[in-house]
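K.L.:
everything below, folded, please.
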Amino acid sequence: MVQITSVLVATAAFLGAGVSAQHPSPMPDTCTVGVIYCGHELLNNNANFETVWKPRINAALAAEGLGPIPNIGSRGYDATYNCTSPITLDYLSWCGAPGRCQPPNNQFCNGKDSCCHA
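P.N.:
Modelled structure (predicted):
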């Protein structure tokens, strides 16, 4: 039992390190230009999401004629955004039902960018 627990802990630590290398957690107040992020990565991983990332996401949505995100569980939360400057995002797409925005280490993503996949 101890060996199994040790293997699980080591595997979790390894996987967690891979995610951190892709998109930092917590998310800093700036993004990496050219990288695609899920809305939930930006909003959930930053202590200042209400004053930092939420207004930036809302600006990206407004530029596409879409309404602001009213809450964490809304449409903008499960969408992809391209980082065009350290503080600017472009809305790319809503991942939609039944799809979800997946982190870059998901087998369907490219290892650098988040992506939509069912």
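
K.L.:
show me where this structure dips below the pLDDT cut-off.
P.N.:
In the predicted model of the chain, residues 1-26, 70-74 satisfy pLDDT under 70.

K.L.:
what ranges do the strands span in it?
P.N.:
Taking DSSP state E, the strands of the chain run over residues 36-38, 79-85, 88-94, 100-102, 115-117.

K.L.:
of those, which is nearest residue 62?
P.N.:
Nearest to residue 62 among those is strand 88-94 (9.0 Å), distances taken as CB to CB. Backbone N, C-alpha and C define where each C-beta goes, glycine included.

K.L.:
contacts for that closest one?
P.N.:
Surrounding strand 88-94, the residues in contact under the criterion CB atoms under 8 Å, 6 or more residues apart in numbering are 31, 36-37, 42, 56-57, 59-61, 63-64, 66, 75-76, 78-84, 116.

K.L.:
repeat for stretch 59-78
P.N.:
Looking at stretch 59-78 with CB under 8 Å, 6+ apart, the contacting residues turn out to be 38-40, 43-44, 54, 57-58, 81, 88-91, 94-96, 100-101.

K.L.:
on that earlier part again, which of the contacts of strand 88-94 count as buried?
P.N.:
Among the contacts of strand 88-94, the ones that count as buried by 16 or more other CB atoms under 10 Å are 31, 36-37, 42, 56-57, 60-61, 76, 78-83, 116.

K.L.:
in those residues, find the pair that's most separated.
P.N.:
Pairwise distances among these were taken by CB to CB; the largest, 19.8 Å, belongs to 56 and 116.

K.L.:
so what's the residue count around the closest residue to residue 43 other than its chain neighbours?
P.N.:
Closest residue to residue 43 apart from its sequence neighbours, by CB to CB, 6 or more residues apart in numbering: residue 49 at 4.6 Å. For residue 49, the tally of surrounding residues (other CB atoms under 10 Å) stands at 19.
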